[in-house]
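*Asks:* need a structure here:
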Amino acid sequence: MKKVIASLVFVLALVFTASAQDKMMNKSVKTINLEQKPGEFTQKTLTVSEGTYVFEIANNGVGHNVGFVLVKKGQDISKPENHIQTAYVTAPVENNSKQTSKPTVLTKGEYVYFCPLNPTATDNTLIVE
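*Replies:* Numbering: from 1, shown residues only. Here you go, the predicted model:
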């Protein structure tokens, strides 16, 4: 009986530890909100600190689906292998709606972002300090 109780206590401790870790990780994920209008992002330059971010992309009256591409500055943006794929929205952003990306770790440096579906300028800058 003591072994059963000890096993139960051990399993419960693991469950509570995992739950606490999940909550701590979720708190450390921040959101970057970006808005697209026809042919442009409303935010041309953004500065954030290093960390893990989710991109929330708003499609405000573009009239069709939009997306989001993030690339380390200096890399060829036309090559999908240079895209930071976790930053892609999880589904196309329909007109007058929002969509988010997966959590994306950003390290110090400069990035460019654009939407090939809108299409927007390819020199919008995200600076990570």
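*Asks:* Please make it C-alpha for all contacts and neighbour counts, starting now.
*Replies:* Noted.
*Asks:* need the strands for the protein, in chain order.
*Replies:* 29-37, 40-41, 45-48, 51-59, 69-72, 97-100, 104-106, 109-114, 124-128 (DSSP state E).
*Asks:* For the shortest one, give me every contacting residue.
*Replies:* Residues outside strand 40-41 that contact it (Cα atoms under 8 Å, 6 or more residues apart in numbering): Leu34, Glu35, Phe114, Asn118, Pro119, Thr120, Ala121, Asn124.
*Asks:* Let me know the distance separating Ser101 from Thr52.
*Replies:* Going from Ser101 to Thr52 by Cα to Cα, to the nearest Å gives 11 Å.
*Asks:* neighbour count winner among the two?
*Replies:* Counted by other Cα atoms under 10 Å, Ser101 and Thr52 do not tie: Ser101 has more neighbours, with 21 against 17.
*Asks:* show me what contacts the more buried one?
*Replies:* Val54, Phe55, Glu56, Thr86, Ala87, Tyr88, Val89, Thr90.
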